[in-house]
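*Asks:* Structure of the sequence below:
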Amino acid sequence: MAAMDMDWTYPAGAGDSGIFEIGRLLAEALGRAPDATRFTYDPREMLRTTREIERASAGGRLLVGFQKAAKFDVEAERYRALLAAGTQVVAWAAGSHADGLGLEALDYRALSADTRRLENQWFLVTDSPEPLAFVSYELGDPSTFGIGGAASPGKRFVGFVSDDPDVIELLIAFLLPIGAPPAPAEPVPPSASAVELIRASDVLMNTALAGAGAAAGAVVVAVGRGADRPAFIAALALARSESRSLVIVDRSAEGFGSPYNDLRGDDAGRPSPDRLFDIAAARREGRGALITYLEAAAAAGVTAGGWFPTASGAAGLAEAGRRFGGAIVVVPSDVVRPSLAERLRGMAEDRLGPVIGLPLLVAGDA
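*Replies:* Modelled structure (predicted):
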């Protein structure tokens, strides 16, 4: 059915006659008169219709509105039985339902309070095993909306019952997106640079990696200074070949102060020395090369995270190994002939081992 969108909100101040406006809008959306029966307020008949639709939907799909969470809690046992019968149930109500009801399979959508919107009303809609809908709008004192039973003093409802498949389709199309969790983002294909890194690691995986066979644990790799690209490729190949995780230490963050002290206060998204950060955090931090390294690891199926060292050179790598379960450290070939500044930071092949305390793989050796 190619139907236009419809606003199911009950007209403000319309009283009982507002249901005729809903009917007019429904006919306009369908392009024809709907096959629906308007009901007059009769609490016993409304409850009977509700129970019939619940029974008819067993093993199929049921969309149901409870107005208030407390009303759902009262019906929990009945809906536990429906779920046990294989019924797919989506429920809407203002507020959260009680804990410990044994309704893990329920798709519950908590709403903000409202007295006119359809999703806040008393309704039942099923399209399987057969199409059937009961839609009611509560009128009367807004302060008692959704409180008490249908026969409570001052309560009044208007609505309709329908087995018109197009009406049911229109209701389902309107209701299902409300409160639904966001759809998972489409996977982004890796960049050409990330693919190049993976291909380069493919070549190394077919060779004997010096230093492979270390104890269980993560591969720690130093990037951000020197010839870090070959170091990352060697670390990625090792992580892939031995099913290890990867800790990427970005030494470009080394400086006079801590990379974790800035003006963002308690921003939950800021990096922390106590945890690794992901590619989204690397993008927020503007770490270009690190972004590509994390992207390549993810595309290659390797669990990886970035980290800013809390100390310079060898001491920072040693700290990463201790914090994140490092088993082997991969460093650039610069450590073979380091600059004086790098030697003072402990980044010399003859000084690294005692400080780090883990097996060392120099990328040029791979």
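*Asks:* Pull up the pairing partners for the lowest-mean-pLDDT helix or strand in the chain, direction included.
*Replies:* Lowest by mean pLDDT, DSSP states H and E among the helices and strands of the chain is strand 36-39, with a mean of 83. Pairing partners of strand 36-39, with direction, according to DSSP bridges: strand 156-162 (antiparallel).
*Asks:* Could you list the buried residues of the very next helix or strand once past the strand it pairs with?
*Replies:* Where DSSP states H and E defines the elements, the next helix or strand beyond strand 156-162 is helix 165-175. Residues 166-172, 174-175 are the ones in helix 165-175 that count as buried (16 or more other Cβ atoms under 10 Å). Where C-beta positions appear, they are placed from N, C-alpha and C, glycine not excepted.
*Asks:* what about residue 200, how many neighbours?
*Replies:* For residue 200, the neighbour count with other Cβ atoms under 10 Å is 18.
*Asks:* That one touches residue 233, doesn't it?
*Replies:* Yes. Residue 200 is in contact with residue 233 according to Cβ atoms under 8 Å; the separation is 4.6 Å.
*Asks:* Which stretches in the protein count as strands?
*Replies:* Counting by DSSP state E, the segments of the chain that form strands are 36-39, 61-68, 88-94, 107-111, 122-128, 132-139, 156-162, 218-223, 246-250, 304-307, 326-331, 360-362.
*Asks:* List of residues touching the first one?
*Replies:* Residues outside strand 36-39 that contact it (Cβ atoms under 8 Å, 6 or more residues apart in numbering) are 19, 23, 26, 45-46, 49, 136, 158-162, 164, 167.
*Asks:* Show me how to select, in PyMOL, the buried members of those residues.
*Replies:* Selecting only the buried entries of these in PyMOL, with 16+ other Cβ under 10 Å as the criterion:
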select buried, resi 19+26+46+49+136+158+159+160+161+162+164+167
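*Asks:* returning to that earlier point: which one of the buried residues of helix 165-175 is nearest to residue 96?
*Replies:* Within these, proximity to residue 96 (Cβ to Cβ) peaks at residue 175, which comes in at 18.9 Å.
*Asks:* dump the residue contacts of the closest one.
*Replies:* The contact partners of residue 175, by Cβ under 8 Å, 6+ apart, come to 63, 90, 92, 118-119, 125.
*Asks:* Quick check: beta-bridge partners of residue 91?
*Replies:* residue 64, residue 108.
*Asks:* Having no further points to raise, I will conclude here.
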